[in-house]
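Peer 1: Provided below for reference: sequence and predicted model.
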Amino acid sequence: MGGVIEKLAEQIEARFAELEQQMSDPEVIGDRERYAEVGREYRQMEPANALVTEYRTLSDDLEGARELLEEGEDEELEKVVREAPARLEELEEEIRLAMVEPDPNDGKNVIVEIRAGTGGDEAALFAGDLYKMLTRYAAERGYSTEVLSQSAAEQGGFKDVTFEVRGAGAYSVYKYEGGTHRVQRVPETESQGRIHTSTATVAVLPEAEEVEVDIDQNDLQIDVYRSSGPGGQSVNTTDSAVRITHQPTGIVVSMQDEKSQLQNREKAMRVLRARLYERQLAQQQAAVAAERKAQVGTGERSEKIRTYNFPQGRVTDHRIKLTAHDLDGIMNGGLSQFTDALAAEEKRQRLEAQAV
C-alpha cells in the first residue's frame, strides 16, 4: 500500500471507529441533534470504510498468495496474483474519490426555472416536456415538487415555469440540469415532416435559508397589482399579485399564482432569496475558478448541455460525451445514468483540484 493511500486508509478507519463508538455512547444517544449528526456522518463514511476493508483483505490475500507460491504451483493462488493488483489500483482510486469533499450545497432543496428558448411554439412544448421529465425524475427519487409560478403557452407547454424540489440531496442531483437543453424533432403541426431545432433553458438554484442571505427590507420595492389570466381577463378583483424588485441588483420576481397577496409575497421572497444566493455563489466561484475547475460545466443558461434527438431516439450530454438511446425512458424521468456519470466526473475534477 502506497504511503498516501495508507495514510488515507488509517484516517478513514480511525474516524469510522470513533463514529461507531459515539453511536453507542449514552451521552450522544441522549442528545437528539448530535445523534442525528453522528449518524449522518457515519452513513457518509460507511462506503469509504468498506472500500478500505476490501483493500486490506485483498492486500493480505495477495501477500499470502505470493509467499505460498514460492513453495509450489497453485492455480487459485496464481489467479489472485494475476488479478489482485489491478483491483487494488481500482480500489485506491475509489478510496480517494470517496473522500472528495462534497459540494456544501449538495443537501439543499432547489428551485428550478425552465424557460422556452428559441423555436416558438415548439420551444414552449419542449419546456413542458422538460418540466414533466424533471418532476417525474423527482418522484422517482422520492422528492416532492411544488409549482411556484407558471406562464402557460397557448399551444401547450410553458413560456416559463418555476418549481421547487424538496428532499435530501436534491441539489446534488439537479445541479447537473442547469443550462440549455436542445431538442431536434418534427413538430406535430409540420406537414412536410422537417426536423426543427428548439431550445429551452434551465436554471437550478439551491434554496437559501433566511440566515444565508441577508436581505435589507429597505432595498425592496414591492408592487401589488391585479392578477391577469390568459387572454387578459382578470383572475380576481383584488390586488393579490406581487412584484418584488431588489434594487441593488435589479432582480425582479413576480408572483400571481396564489389567491392571497401574502402567499404570493412569501413565494416571491423564496425565489428572490434563491436568486441572490446563486448570485453570491457565482461570485465566490468566479473568485476561485482561476485555480479550480471542479465543476462539470458552468451551469450557465447559455451553455448547451444536452441534445434530445427524437428521430434517432437518442439523448447526448455534451459535457461528458455520453449518448443514451432510450429517449422515451429519459423523457419519463429516467435520468439516473446521466446524473451518476456527471457526479463521477465532478468527483474526479474535485480530486484533481484538491491535489493541486
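Peer 2: Structure's in. What do you need?
Peer 1: Asp340: how many residues sit nearby?
Peer 2: 11 (other Cβ atoms under 10 Å). Backbone N, C-alpha and C define where each C-beta goes, glycine included.
Peer 1: so which helix or strand takes in it?
Peer 2: helix 336-355 (DSSP states H and E).
Peer 1: and that helix, what other elements does it pack with?
Peer 2: helix 75-98, strand 314-317, strand 322-324 (3 or more Cβ pairs under 8 Å, 6 or more residues apart in numbering; DSSP states H and E).
Peer 1: now do 7 Å
Peer 2: Under the contact criterion of 3 or more Cβ pairs under 7 Å, 6 or more residues apart in numbering; DSSP states H and E, helix 336-355 touches helix 75-98, strand 322-324.
Peer 1: And for Ala48, the neighbour number?
Peer 2: 22.
Peer 1: Quick check: closest non-adjacent residue to it.
Peer 2: Using Cβ to Cβ, 6 or more residues apart in numbering and skipping residues adjacent in sequence, the residue nearest Ala48 is Ala98, 3.9 Å away.
Peer 1: Mind splitting the chain into its structural domains?
Peer 2: Here the domain parsing of the chain from automatic domain parsing is 3-98, 110-211+288-355, 217-284.
Peer 1: I'd like those domains as a markdown table, with mean pLDDT and distance to Pro104 appended.
Peer 2: Compiled in a markdown table, these are given as follows (pLDDT from 0 to 100; distance: least, Cβ to Cβ, whole Å):
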| stretch | mean pLDDT | distance to Pro104 |
| --- | --- | --- |
| domain 3-98 | 88 | 13 |
| domain 110-211+288-355 | 88 | 9 |
| domain 217-284 | 82 | 10 |
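Peer 1: Pick the most deeply packed of those.
Peer 2: domain 110-211+288-355 (a mean of 18; mean count of other Cβ atoms under 10 Å).
Peer 1: Could you grab the helix/strand/coil label for the residue nearest to Leu205 when sequence neighbours are not counted?
Peer 2: Sequence neighbours aside, Ala274 is the residue nearest to Leu205 in space, at 3.9 Å (criterion: Cβ to Cβ, 6+ apart). Assigned with DSSP: H, G, I helix; E, B strand; the rest coil, Ala274 falls in the helix class.
Peer 1: Please put the alpha-carbon coordinates of the strand ranked longest in the chain into PDB.
Peer 2: Criterion DSSP state E: the longest strand present in the chain is strand 196-206. Coordinates of each C-alpha in strand 196-206 appear next as PDB, following Å, rounded to 0.1, in the frame of the first residue of the first chain:
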ATOM      1  CA  HIS A 196     -36.900  21.600 -36.200                       C
ATOM      2  CA  THR A 197     -34.300  22.500 -33.600                       C
ATOM      3  CA  SER A 198     -35.700  24.300 -30.500                       C
ATOM      4  CA  THR A 199     -34.200  25.100 -27.100                       C
ATOM      5  CA  ALA A 200     -35.300  25.600 -23.500                       C
ATOM      6  CA  THR A 201     -33.100  26.900 -20.700                       C
ATOM      7  CA  VAL A 202     -33.000  25.500 -17.200                       C
ATOM      8  CA  ALA A 203     -31.600  27.300 -14.100                       C
ATOM      9  CA  VAL A 204     -31.200  25.400 -10.900                       C
ATOM     10  CA  LEU A 205     -30.900  27.500  -7.700                       C
ATOM     11  CA  PRO A 206     -30.000  25.900  -4.300                       C
END
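Peer 1: Other residues contacting that strand?
Peer 2: For strand 196-206, the external contacting residues (Cβ atoms under 7 Å, 6 or more residues apart in numbering) are 105, 108, 110-119, 122-123, 126-127, 130, 171, 174-175, 177-185, 187, 274-275, 277-278, 299, 301.
Peer 1: need the next SSE after that strand, C-terminal direction.
Peer 2: strand 220-225.
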